[in-house]
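Student: This is a predicted model, with the sequence first.
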Amino acid sequence: MARIAPSLGLVGTLIGMINMLRGMGGDVSPETLGPNMAVALVCTLYGCLLAFLIFLPASEKLKAYSIQEQALIHMICEALLLIRAGQTGREMEEILNAYLPPQKRQAIVERLLLSEAGSKG
């Protein structure tokens, strides 16, 4: 849609220009040309605004979500293969932590120790 919206705006501009030029047949006056020219330019404006303010940002966000989802599916498939191969929990954790960004990596043992310390305290 981001690629198509400006083109649709140009189609609207052409239609507005055709109406404007059709009015130039007999009685040419600024009162008749002005509104038709405004319609033609507004179509282009709407097409560009829709493309750059709505469709392009939405497209970028959907691409980012798609990349995250693909990474998650790949990680799940890897985990299933590791389970099938009989890997231990610690080995699986080390292998699967490679899929996560460094700031999100936290050992399961550390989380368990923190939860035990919280329940005792």
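Tutor: Yep, it's here. Numbering: from 1, shown residues only.

Student: From here on, just use CA atoms for contacts and neighbour counts.
Tutor: OK.

Student: got the residue ranges for the helices in this structure?
Tutor: Here the chain has its helices, by DSSP state H, at 4-22, 30-49, 56-85, 89-97, 108-120.

Student: would you list the ones you listed in a markdown table and tack on mean pLDDT?
Tutor: Shown next, in a markdown table, are these (pLDDT from 0 to 100):
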| stretch | mean pLDDT |
| --- | --- |
| helix 4-22 | 82 |
| helix 30-49 | 80 |
| helix 56-85 | 93 |
| helix 89-97 | 84 |
| helix 108-120 | 68 |
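
Student: Columns mean neighbour count on top of those, output as JSON lines?
Tutor: Converted to JSON lines, those look like this (neighbours: other Cα atoms under 10 Å):
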{"stretch": "helix 4-22", "mean neighbour count": "18"}
{"stretch": "helix 30-49", "mean neighbour count": "17"}
{"stretch": "helix 56-85", "mean neighbour count": "13"}
{"stretch": "helix 89-97", "mean neighbour count": "14"}
{"stretch": "helix 108-120", "mean neighbour count": "10"}
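
Student: how much space between A64 and I4?
Tutor: Between A64 and I4 the distance is 21 Å, computed by Cα to Cα, to the nearest Å.

Student: Over to N97?
Tutor: Taking Cα to Cα, one finds N97 at 41 Å from I4.

Student: need the contact list for the residue lying closest to L56 once chain neighbours are set aside.
Tutor: Closest residue to L56 apart from its sequence neighbours, by Cα to Cα, 6 or more residues apart in numbering: A2 at 5.5 Å. Neighbouring residues of A2 by Cα atoms under 8 Å, 6 or more residues apart in numbering: 50-52, 55-56, 59.

Student: one more time with 10 Å, if that's ok
Tutor: When contacts are counted by Cα atoms under 10 Å, 6 or more residues apart in numbering, A2 touches 47-59.
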